[in-house]
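[1] sequence unknown, structure follows:
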């Protein structure tokens, strides 16, 4: 399993911006997908955005045009969140799936511990 650590969450007013970062414990040579999910109180975890190894990005309809996912070629994944709304309040989780690292292949999902994002109205 690849260890993941998110950072960058916090409290922001509606209309504001936050940037999230996710750092992996090893360089990721190849992967099926890397992404961000979120879970609001009383709700199921949902996909926010993900990127595949070819660079194709996918966004949830609720964040399209406001959020941007990106990665570097090493160990980091990012989520830039603009025009935040109160309904974006949730714990945000970093995810990687089916990765190849210098230590070998790790199939399945790896998750970070999550970072809280709170948007006040």
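    Thanks, I have the structure now. What you see is a predicted model, and the numbers here were worked out from it, not measured in a lab.

[2] Tell me what the residue nearest the centre of the chain is bridged to.
    Computing the C-alpha centroid of the chain and ranking residues by C-alpha atoms, centre = their mean puts residue 36 first, at 2.5 Å. Taking DSSP bridges as the rule, residue 36 bridges to residue 49, residue 94.

[3] ok, now how distant is it from residue 107?
    21 Å (C-beta to C-beta, to the nearest Å). All C-beta spots, glycine's among them, are computed from the backbone N, C-alpha and C.

[4] Next: residue 58.
    Distance from residue 58 to residue 107, by C-beta to C-beta: 21 Å.

[5] Hmm, the residue nearest to the centre of the chain is touching residue 51, no?
    No: Residue 36 is not in contact with residue 51 according to C-beta atoms under 8 Å; the separation is 9.5 Å.

[6] any shared contact partners between these two?
    Shared contacts of residue 36 and residue 51 (C-beta atoms under 8 Å, 6 or more residues apart in numbering): 69, 77.

[7] Let me see the contact set for the residue nearest to the centre of the chain.
    20, 22, 47-50, 69, 77, 79, 92-95.

[8] If we use 7 Å, what do you get?
    20, 48, 49, 69, 79, 92, 94 (C-beta atoms under 7 Å, 6 or more residues apart in numbering).

[9] How about residue 16?
    residue 84.

[10] Recalculate using a threshold of 8 Å.
    84, 119.

[11] Could you do residue 60 as well?
    Contacts of residue 60 by C-beta under 8 Å, 6+ apart are 46, 47, 48, 49.

[12] mind redoing it with 10 Å?
    Taking C-beta atoms under 10 Å, 6 or more residues apart in numbering, we find residue 60 in contact with 36, 37, 38, 46, 47, 48, 49, 50, 67.

[13] Surely the fourth one touches residue 59?
    No: the pair residue 46 and residue 59 fails to qualify as a contact (C-beta atoms under 10 Å) at a distance of 11.7 Å.
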